[in-house]
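*Asks:* What shape does this take:
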Amino acid sequence: MRLALYQPDIPQNLGTILRLGACMGVPIEVIEPTGFPLGDRRLKRAAMDYTDHVAATHHGSWHRFNEMRTHGRLVLLTTKAEVPYHTFSFHTDDCILMGSEGAGVPDVVHEAADHRLHIPMTPGLRSLNVALAAAMVVGEALRQTGGLPAAQVPAQRTTG
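*Replies:* Numbering: from 1, shown residues only. This next block holds a predicted model:
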């Protein structure tokens, strides 16, 4: 399972998604250009010290990303999809692709996707924050495929 971001615009969202990837054991792919320098302090603040714990790959363009893809399905999360994400059967080698916050993805990327999914929402509302949407869909994909990290049982407190 991998999570890819197409030309992200907001550094805080990428930082949050890097933390998501670290905590869930999901590699993150960033398709450039980004709307900010990768050394942006807002990115670093949102990612905190989790960047040392995530496998992140940067691709200079959509073309380079596509060349590097060797296996698995490309699953695009888009408001233009018919299939709700929670009814979709995920595979362990899927790459979930999120569009940029401001523009989504161009037609060429939309057409390259093997599957297109959406998150059902209250009618009349446009979209969720990209990091929140990523967490929802990655969580469901990991649940379905048995890829959630093992639960840690908190240490028992003793009194006495």
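*Asks:* quick one, strands of the protein?
*Replies:* 2-6, 28-31, 56-59, 74-77, 83-84, 95-98, 115-118 (DSSP state E).
*Asks:* I'd like these written out as CSV, with distance to residue 21 and mean pLDDT added.
*Replies:* All C-beta atoms are positioned from the backbone trio N, CA, C, and that covers glycine. What follows is the strands of the chain, written out as CSV (distance: least, C-beta to C-beta, whole Å; pLDDT from 0 to 100):
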stretch, distance to residue 21, mean pLDDT
strand 2-6, 6, 97
strand 28-31, 4, 96
strand 56-59, 7, 93
strand 74-77, 15, 98
strand 83-84, 23, 98
strand 95-98, 11, 98
strand 115-118, 19, 98
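*Asks:* For residue 40, find the nearest of the ones you listed.
*Replies:* strand 28-31 (12.6 Å; C-beta to C-beta).
*Asks:* What is the closest one packed up against?
*Replies:* Applying 3 or more C-beta pairs under 8 Å, 6 or more residues apart in numbering; DSSP states H and E, one finds that strand 28-31 makes contact with strand 2-6, helix 11-24, strand 56-59, helix 62-68.
*Asks:* Quickly run through the sheet partners of it, with directions.
*Replies:* Note on strand 28-31: by DSSP bridges, its sheet partners are strand 2-6 (parallel), strand 56-59 (parallel).
*Asks:* got the angle for the first one vs helix 11-24?
*Replies:* So the one you mean is strand 2-6. Here strand 2-6 runs at an angle of 170 degrees relative to helix 11-24 (axes from the mean of the first three to the mean of the last three C-alpha atoms, to 10 degrees).
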